[in-house]
Structure formats: C-alpha cells, structure tokens
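S.K.: Okay, sequence plus prediction incoming.
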Amino acid sequence: MKPYLPLTILLLTAVSCNNNSKQADAYGNFEAREIIVSAQGNGQIMQLDIEEGRSLKTGDVAGVIDTSTLHLNKKQLAAQYAATQAQFAILKAQAEVQEQQITNLNKDLARVGNMMKDGAATQKQLDDVQGAIDMAKKQIKAIESQKSALREQLQAVNAQIAQIDNSISKCVITSPQNGTVLVKYAEAGEVTTLGRPIFKIGDVNEMKLKAYVSETQLAGIQLGQKVTVSFDVDKGEMSNTEGEIIWISDKAEFTPKIIQTREERVNLVYAVKILVHNDGSIKIGMPGEVKFN
C-alpha cells in the first residue's frame, strides 16, 4: 500500500483545491429599490385599483382620493374672482368718466382764458375750472390706487386656485417608478390622511446584491467591474448570472451576523452593491454569492 500513498495524498489535495476554487468571494442578500407611496391629501379613498404583485409603470394611476371639498372651495374662489373683476370693471369705468371730464374742463379752461383776455371773465372763474381739473386728477389717482389693490386681490385668488388645483392633482395616486406592488396598506372606501402609506412598490427587474468584502479583497475590485453572481434555485442548485459593481462603501463596518465571509478572522468589512438584471428568479431578501472575475 505504501506505493499508493503519495497518489492518494495528491488526489485529496486536488479535490481540496477544486472545492476552494468554487468558493464564493463574498456573500450577501438581494434588495430592490423600494418606494413607499403615501397619501398627499385627506379624504376618502374613492378608488384603489392595485393588488400585491401587480406591475405598474411610472405615472400609472393607482387610485383616487375624494376631491369634492376641494372642488367646492375652488368654485367659491372662482366666484370671488368674478366679483373682484366686476369691481375692477366699475373702477375702470369711473376712471374713464373722470378722464373725459378732465378733457371737457381743459376746453373750458382754454375758453375762460380767452375770455379773460377780452375782460369777459374773472380770475375766480379761471381758478374754479383749474380746481375742478385738479380734483378730477386726484379722483383718478384714488381710483388707480383702488384698482391696484384689486389687482393684488385677483393675484391672491389666482394663487389660491392654483394651490387647490395642485391639491386636487395630488389626490390622484400614481406610481413613482416602474415596478411591482410589494405591499398594499389601504383599501378603497377607507379615509386616509396626509402622509399615510398607501402601497409599497419595488423595481424587481433590476436587483442589487449587497455583499461584504474584506480589506484585502477591496484592492482587487472597482466600480463597473463585471462579476459572477450566484443564487439558489430548485433542489439546492445554484444559478449564475452576470453582475456589475455599482457602489463600494468608503467606510468599514463590523461583519453582519448573517454574513459568513471566506476569511472568518476578519472583523471589519466593506459593503458593496452589485447590479443584477432579474428574470424573475431573484426575490427580495434572497441570499446570494459573488465571485470576482
């Protein structure tokens, strides 16, 4: 048996090296870009056409919050705007009357001036006409001041109407991104308040594997690097796909309890995120492995 002993040792060494070559360089869990969509208005949820697992695109309408009170407030402001416009029209007409009166008085002023040259009019008559002109000008200034105040009121009403329109638009619940509804927090018919979560959506088409590497591994990786990502499939088999390093932490942290790195003696590790295109096989929270190419 002695002649075969070196061959046996050689085979065991080969098997051991082969197992080490298959060992992953880093471990972690998959995560997705998740957004919690919250209500931006108060009122009853009139419509909520979503279910967990439904795919939505950016801008898709998911639901509607009651806007009847907002519409009533808008009608009231519209009536106020119309009334203010009517007052503005009255003041404009009054100003036009005063301007016409000034035109007529200027003619009288010229006529009286000519009469004074002939001794047919007195200085008092001339002063009276000039005084009437000055009074009409002052009235026009007062009217312009009132018109200016009304313009400010119209601008304020317009701003309030725009604010209500904005609030009405926010009562339409839309999807902020392409993704899949992960959790539904509310139902149609319920009364919601500003900031209350309605649903959670996640982009599961592109997943991120958040893994951890040691300081010695850090020097061998870089942003944009292509790597091999593995994850469990049926019957304990592993599926491989390509990934890309998109983020490397610049700060070390203690090894998370759920992570087992190849070098267990390392206490401090660096987090990295690897972008992976998902065909539906990868789920949020699923463990994954990465091999640096």
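M.R.: Good, I have the coordinates.
S.K.: mind listing what the closest residue to Thr193 other than its chain neighbours touches?
M.R.: Counting by Cβ to Cβ, 6 or more residues apart in numbering, Asn42 is the residue found nearest to Thr193 once chain neighbours are left out, at 5.4 Å. C-beta coordinates here come from the backbone N, C-alpha and C atoms, glycine included. Counting by Cβ atoms under 8 Å, 6 or more residues apart in numbering, Asn42 touches 65, 192-194.
S.K.: Can you tell me which of those residues are buried?
M.R.: Among the contacts of Asn42, those classed as buried by neighbour count (16 or more other Cβ atoms under 10 Å) are 65, 192.
S.K.: Could I get the contacts of Asn42 in CSV, plus columns for secondary structure?
M.R.: Converted to CSV, these look like this (DSSP: H, G, I helix; E, B strand; the rest coil):
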residue, secondary structure
Ile65, strand
Thr192, strand
Thr193, coil
Leu194, coil
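S.K.: Just give me the closest of the contacts of Asn42 to Asp49.
M.R.: Among these, Ile65 lies closest to Asp49 (Cβ to Cβ), at 13.3 Å.
S.K.: Skip the chain neighbours and tell me the closest residue to that closest one.
M.R.: Cys171 (4.0 Å).
S.K.: which residues touch that neighbour?
M.R.: Contact partners of Cys171, counting by Cβ under 8 Å, 6+ apart, are 40-41, 43, 64-67, 70.
S.K.: Which strand runs longest in this protein?
M.R.: Counting by DSSP state E, the longest strand found in the chain is strand 197-213.
S.K.: mean confidence for it?
M.R.: Along strand 197-213, the predicted confidence averages to a pLDDT of 94.
S.K.: Now the element after it, going C-ward?
M.R.: Going down the chain from strand 197-213, the next helix or strand is helix 215-218, by DSSP states H and E.
S.K.: distance between that next one and the chain's centre?
M.R.: 38 Å (Cα atoms, centre = their mean, to the nearest Å).
S.K.: Tell me where the stretch 1-150 of the chain has helices.
M.R.: For the stretch 1-150 of the chain, the helices defined by DSSP state H, counting those that start in this stretch cover 5-22, 68-117, 123-170.
S.K.: Now tabulate the ones you listed in CSV and tack on mean pLDDT, mean neighbour count and distance to Lys57.
M.R.: Formatted as CSV, those follow (pLDDT from 0 to 100; neighbours: other Cβ atoms under 10 Å; distance: least, Cβ to Cβ, whole Å):
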stretch, mean pLDDT, mean neighbour count, distance to Lys57
helix 5-22, 39, 9, 40
helix 68-117, 95, 14, 27
helix 123-170, 95, 14, 19
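S.K.: Of those, which is nearest Asn29?
M.R.: helix 5-22 (20.6 Å).
S.K.: Next, Leu194: phi, psi?
M.R.: Dihedral angles of Leu194 (phi, psi; degrees, to the nearest 10) stand at phi -60, psi 130.
S.K.: Looking at the record's assignment, how would you partition the protein?
M.R.: The chain breaks down into these domains under automatic domain parsing: 24-65+182-292, 68-170.
S.K.: Mind putting the ones you listed into CSV with distance to Pro176?
M.R.: Converted to CSV, the domains of the chain look like this (distance: least, Cβ to Cβ, whole Å):
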stretch, distance to Pro176
domain 24-65+182-292, 5
domain 68-170, 13
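S.K.: what sits against the spatially most central residue of the chain?
M.R.: Taking Cα atoms, centre = their mean as the criterion, Pro176 is the residue nearest the geometric centre of the chain, at 7.5 Å. Counting by Cβ under 8 Å, 6+ apart, Pro176 makes contact with 35, 37, 58, 201.
S.K.: Having no further points to raise, I will conclude here.
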